Every structure is written in C-alpha cells, then in structure tokens.
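1. Fold the following.
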Amino acid sequence: MNFHLYQGNSLEALAIQLATLLKTNPAAAGAPDPFAAETIVIPNQGLARWLSLKIAETNDLCPAIDFPCPGAFLYRYVFNPMVDGTEPVTAEEADLPFAPATVQWHLLK
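-> Numbering: from 1, shown residues only. Below is the predicted model:
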C-alpha cells in the first residue's frame, strides 16, 4: 500500500487534482488493479459525499473509493489485531470498547 499526502488551502483544487490523478493514472494513485478500491482518509462523512460527487462531476463517474475517518484508517492499517496472522478483524469482531455495536448497547442500557 502506498501512502501519499496532499495538502493545500483550496479544497476545490485538491479535489480536482485527486480526480485528475484517478482518471489519468489509476496505478499511480496506489492500486495496480483497476477494480481495487482506493482509500482516501477524510475528516467526516459529509466531506466524503462531497468529494465523491466532485470526482464524479470531473470524471463522469466515481470509482470504488473507501472513505474511512482517521481513527478507522489507523485501526485498520496500523493497530489492527490479526486473526491467525492472516486476516485482519473488524472493530466489531475485536470487541473494542468504542465499537459502534458496543457503544449502542451501553447507550440503550
């Protein structure tokens, strides 16, 4: 997995740069397989929706993109415990104290 960090003060310009990168050279965006989902870390799901619409507006479609928040990204790729050393587990399977199913249960009590 490749990690690229793009920063700037214009969200519109960054979105167009990302859309152009995804359209012109998908392998440079991190995935050699054209059907593999890209991972783009975003601060909230509202921005994920806006970004997917902006990419679709620029490229006429939005490919398979996974938009995790920073905490989910870190859990998935850095702190994720492995089952038998082969397959990562989800937050729900790991029985984490802040997993959505656990938090929901505590709130309903």
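
2. which stretches of the protein form strands?
-> For the chain, strands defined by DSSP state E occupy the ranges 38-39, 65-66, 82-83, 87-88.

3. mean pLDDT for those: which is lowest?
-> For the strands of the chain, the bottom mean pLDDT is recorded on strand 82-83, which sits at a mean of 50.

4. Show the low-confidence segments of the chain, by residue range.
-> 1, 26-32, 34, 80-109 (pLDDT under 70).

5. Would you state the helices of it in chain order?
-> Secondary structure of the chain (DSSP state H): helices located at 11-24, 45-59, 70-77, 100-108.

6. Show me what counts as buried in the third one.
-> What that stands for is helix 70-77. For helix 70-77, burial by neighbour count (16 or more other C-beta atoms under 10 Å) applies to F73, Y75. Yep, even glycine has a C-beta here, placed from its N, CA and C like the rest.

7. and what of the second one?
-> By neighbour count on 16+ other C-beta under 10 Å, the buried set for helix 45-59 is A48, L51, S52, K54, I55, T58.

8. Show me the contact partners of that helix.
-> Residues from elsewhere that reach helix 45-59, judged by C-beta atoms under 8 Å, 6 or more residues apart in numbering: 12, 15-16, 18-20, 22-23, 40, 42, 62-63, 65, 67, 69.

9. how does it look with 10 Å?
-> When contacts are defined by C-beta atoms under 10 Å, 6 or more residues apart in numbering, helix 45-59 is touched by residues 11-12, 14-20, 22-24, 38, 40-42, 44, 61-63, 65-69.

10. Brilliant, that's me finished.
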